[in-house]
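> Predicted model follows, preceded by the sequence.
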Amino acid sequence: MVLVGERASVKNAAETFGLIHANLLKALGELDDAWRGWRSCRGW
């Protein structure tokens, strides 16, 4: 699965893989937060 920022694409991915849209959005948000934290530690 390709991670994209557009809600429509996330919803399509959730439906395709039988996932709950709200849970997928939450998980993607947490992943984004972790990535931003990691990048800030690296000075990027």
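Structure's in. What do you need? Just so it is clear, the model here is predicted, and its values are computed rather than measured.

> in the helix or strand bottoming out on mean pLDDT in the chain, what counts as buried?
Of all the helices and strands that make up the chain, the one with the lowest confidence by mean pLDDT, DSSP states H and E is helix 7-16; it has a mean of 76. Along helix 7-16, the positions that meet the burial threshold by neighbour count (16 or more other C-beta atoms under 10 Å) are Val10, Ala13, Ala14. Where C-beta positions appear, they are placed from N, C-alpha and C, glycine not excepted.

> out of the residues you listed, who's nearest Gly43?
Gly43 lies nearest to Val10 out of the buried residues of helix 7-16, by C-beta to C-beta, at 29.7 Å.

> Which helix runs longest in the chain?
When every helix of the chain is counted residue by residue (DSSP state H), the longest turns out to be helix 21-42.

> Distance from the chain centre to stretch 20-35, please.
4 Å (C-alpha atoms, centre = their mean, to the nearest Å).

> I'd like to know how far the nearest residue to Glu15 once chain neighbours are set aside sits from Ser9.
Leaving aside its chain neighbours, Glu15 sits nearest to His21 (7.6 Å; criterion: C-beta to C-beta, 6 or more residues apart in numbering). Using C-beta to C-beta, to the nearest Å, His21 is found at 11 Å from Ser9.
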